[in-house]
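> Take a look and give me a structure for this.
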Amino acid sequence: MDLPFPPEREFFSMREACRLAQLPAHTLRYWETRFGGLRPTRRAGGHRRYTRADLSLILEIKDLMVRRKLTLAGARRALIERRRGGPASASAASAADAGPALKLLREVKKEIRMLLDEFGR
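Predicted structure coming up:
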């Protein structure tokens, strides 16, 4: 995702990254624990230094979670699909088609359990 601003520097502080992404700092810190690709470098004092690539990823995650209303796990899957080059929408469509199949599998599982209980396992 292209940045909506022309950054002239290579590194940004936590405060600058929060301001540019319009997110609270605790959200960025949480996302760092949940998304493996979001790993800002640290200065000697422990302060985070976000790169342009980090900011681009932050904006991509924000887009997935805010605009597309994906959950954290869904956003993670969508990012993995994008990295692999496969369409994320195709995996979502196949999951939607799996609904009737999952229902059938649950019914079969229930019947097998009833048979096992009837014949004493």
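> What strands line up against the longest strand anywhere in the chain, and which way round?
What stands out as the longest strand in the chain, according to DSSP state E, is strand 48-51. Strand 48-51 sits in its sheet next to strand 11-12 (antiparallel), strand 41-42 (antiparallel), going by DSSP bridges.
> ok, residues contacting the last one?
This means strand 41-42. Residues from elsewhere that reach strand 41-42, judged by C-beta atoms under 8 Å, 6 or more residues apart in numbering: F11, R48, R49, T51. All C-beta spots, glycine's among them, are computed from the backbone N, C-alpha and C.
> Repeat that for stretch 61-75.
Identification of contacts with stretch 61-75 by C-beta under 8 Å, 6+ apart yields M1, A21, L23, W31, R34, F35, L38, A78, L79.
> Domains in the protein, by residue range?
1-86, 89-121 (automatic domain parsing).
> Relative to the whole chain's centre, how far out is the longest one?
For domain 1-86, the gap between its own C-alpha mean and the chain's C-alpha mean amounts to 11 Å (C-alpha atoms, centre = their mean, to the nearest Å).
> mean confidence score for that domain?
The average pLDDT within domain 1-86 is 87.
> quick revisit: out of the contacts of stretch 61-75, which are inside helices?
A21, W31, R34, A78, L79 (DSSP state H).
> didn't the second one look like it was pressed against G37?
No: look at W31 against G37 with C-beta atoms under 8 Å: they stay out of range, at 10.0 Å.
> related to what we said a few turns ago, turn the buried ones among the contacts of strand 41-42 into a named PyMOL selection, would you?
Typed into PyMOL, the line below selects the buried ones among the contacts of strand 41-42, using 16 or more other C-beta atoms under 10 Å:
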select buried, resi 11+48+51
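> about what we covered before: nearest to T27, out of the strands paired with strand 48-51?
The closest of these to T27 is strand 11-12. By C-beta to C-beta, the value is 15.7 Å.
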